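Chemist: pasting the structure only:
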Ligand code: GDP
Ligand code: MG
């Protein structure tokens, strides 16, 4: 069984961009692993000899104005339950939002290993980009740029150490 890493976060923070960078082989045949829900977006990632599955929780995006949080919580809870590690992605250009706090609370309750990932930080120093996000109570944030690739290798080194 390959370990499963879930990408969680509100819409537009860069989950799919990171997913694509991590998986590259976009249509890799994966997700035949028992115990995984079929209707989510899985990809195969690799770190040296180490292989892992990544799940992009794109389904968290609200489809209706009401019940956004309820739907998000339902979908993400399932993805989180199936995962060995959660990468909680936030937007370093927008700063912390109320929705981020809702997700952070959900993750703390889930008692899963979580790495807080501040995305879109190209051109920022680590300490500047990370500073805002300590208030989410999930420890030291990692800073990356999913679109440029900065920090992604270091992030996945850390992720694989936790698997
Ligand atoms: P998702 O909704 O969380 O899956 O977010 P997407 O991956 O679709 O990205 C949302 C937007 O953010 C897109 O316009 C991306 O090009 C942009 N984006 C993603 N990663 C980065 C990044 O590292 N830096 C910047 N500046 N933009 C990014
Ligand atoms: Mg997406």
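Modeler: Here it is on my side, so go on. None of these values were measured; they are calculated from a predicted model. Residues are numbered from 1 along each chain as shown. Ligands and ions are numbered 1, 2, ... in the order given.
Chemist: let me know the helix or strand that the residue of the chain found nearest ligand 2 is in.
Modeler: Using CB to the ion, the closest approach of the chain to ligand 2 is made by residue 16 at 3.3 Å. For every residue, glycine as well, the C-beta is placed using N, CA and C. In this assignment (DSSP states H and E), residue 16 forms part of helix 15-23.
Chemist: run the chain-centre distance for that helix.
Modeler: Here helix 15-23 is found 9 Å from its chain centre; the criterion is CA atoms, centre = their mean, to the nearest Å.
Chemist: in the helix or strand just after that helix, what's buried?
Modeler: Heading C-terminal from helix 15-23, the first helix or strand you meet, by DSSP H and E, is strand 41-47. By neighbour count with 16 or more other CB atoms under 10 Å, strand 41-47 contains the buried residues 41-45.
Chemist: neighbours of residue 148, how many?
Modeler: Burial of residue 148 is recorded as 14 neighbouring residues (other CB atoms under 10 Å).
Chemist: which residues are in contact with residue 135?
Modeler: Under the criterion of CB atoms under 8 Å, 6 or more residues apart in numbering, the neighbours of residue 135 are residue 96.
Chemist: give me the pLDDT for it.
Modeler: In the predicted model, residue 135 carries a pLDDT score of 97.
Chemist: can I take it that it is in a helix?
Modeler: Yes - the assignment for residue 135 (DSSP: H, G, I helix; E, B strand; the rest coil) places it in a helix.
Chemist: can you tell me how far it sits from residue 149?
Modeler: Going from residue 135 to residue 149 by CB to CB, to the nearest Å gives 27 Å.
Chemist: check residue 24 too.
Modeler: Taking CB to CB as the measure, residue 24 and residue 149 are separated by 12 Å.
Chemist: picking up where we left off before, quick one: contacts of the helix holding residue 16?
Modeler: In this structure, residues lying in contact with helix 15-23 by CB under 8 Å, 6+ apart are 7-9, 26, 41, 43-45, 54, 56-58, 87, 89, 117, 119, 144, 146-147, 149, 152, 156.
Chemist: and those residues near ligand 1, which?
Modeler: 9, 58, 119, 146-147 (CB under 6 Å from any ligand atom).
Chemist: many thanks, we can stop here.
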